[in-house]
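> after the sequence you'll find the predicted model.
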Amino acid sequence: MPRFWSQLLISGILWMAMATCHPASAQPADLATWVIAPRVQTPTTIAFDANPRLTLRHPGIRALLEDVSRRSPFLHRQLARLTSDTRLTLSIDIVPASRLRQMRAMTRLLSAGRRIHADVVLSIEVDIAELLGHEFEHVLERLDGVQLQQRYARGDTSTHPSASNAFETNRAVLAGRVVAAEYAGRAGGARP
């Protein structure tokens, strides 16, 4: 897919999610900031080794994160936020699908005061680029103070219960799709 069309697709996906989740504030200029709401200047490289709050449990995760974040500016911005927020400790692992039962991924979020610990576990047999963007966005939702249960109780259609006794959001689904589209566009259709 030519770069122009992949960028148009990504912009269209962002616009649809913006209009679905926040119809009153849907402004094209806000698209880049709405989904991940960056609060830090995005560094050119992410310091995986120098961050004591980041634990990469599988030996191949670092190379995977570097590859996907190089090809997906969206994931790069997500990682920049996650690794710079001092309230967060983040653990990432990749396991065989059998260990996650019927789920493709799982993120456990534990809070203690202002501190948050996120444990992201991904299945090795699926589109990991999309799942990284999706699961990282769930962590960013927590950092942004999004109250998923309250949103659902108010009838917010951008949040709905999932089969795993948790909540799914349009924001996280969209983030995963954007990362997958960016990755595929820069990788000639190949996926990690």
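That came in fine, so what should we check first?

> drop to CA atoms for contacts and neighbour counts, all remaining ones
Will do.

> around Val126, how many other residues sit close by?
The local packing of Val126 (other Cα atoms under 10 Å) involves 15 other residues.

> ok, Ala47 next?
For Ala47, the count of nearby residues is 13 (other Cα under 10 Å).

> any chance you could map the helices in the chain?
3-21, 31-34, 61-71, 73-84, 128-143, 148-153, 170-186 (DSSP state H).

> any regions of the chain where pLDDT drops low?
In the predicted model of the chain, residues 1-45, 102, 164-165, 186-192 satisfy pLDDT under 70.

> make it 80
Residue ranges of the chain with pLDDT under 80: 1-50, 97-103, 124-126, 162-165, 186-192.

> residue contacts, the residue lying closest to Glu137 once chain neighbours are set aside?
Counting by Cα to Cα, 6 or more residues apart in numbering, Glu137 lies nearest to Ala172, which is 5.1 Å off, once chain neighbours are set aside. Residues in contact with Ala172 (Cα atoms under 8 Å, 6 or more residues apart in numbering) are 133-138.

> give me that answer again for 6 Å
By Cα atoms under 6 Å, 6 or more residues apart in numbering, the contact list for Ala172 reads 134, 137-138.

> and Glu125, by the same measure?
No contacts exist for Glu125 under Cα under 6 Å, 6+ apart.
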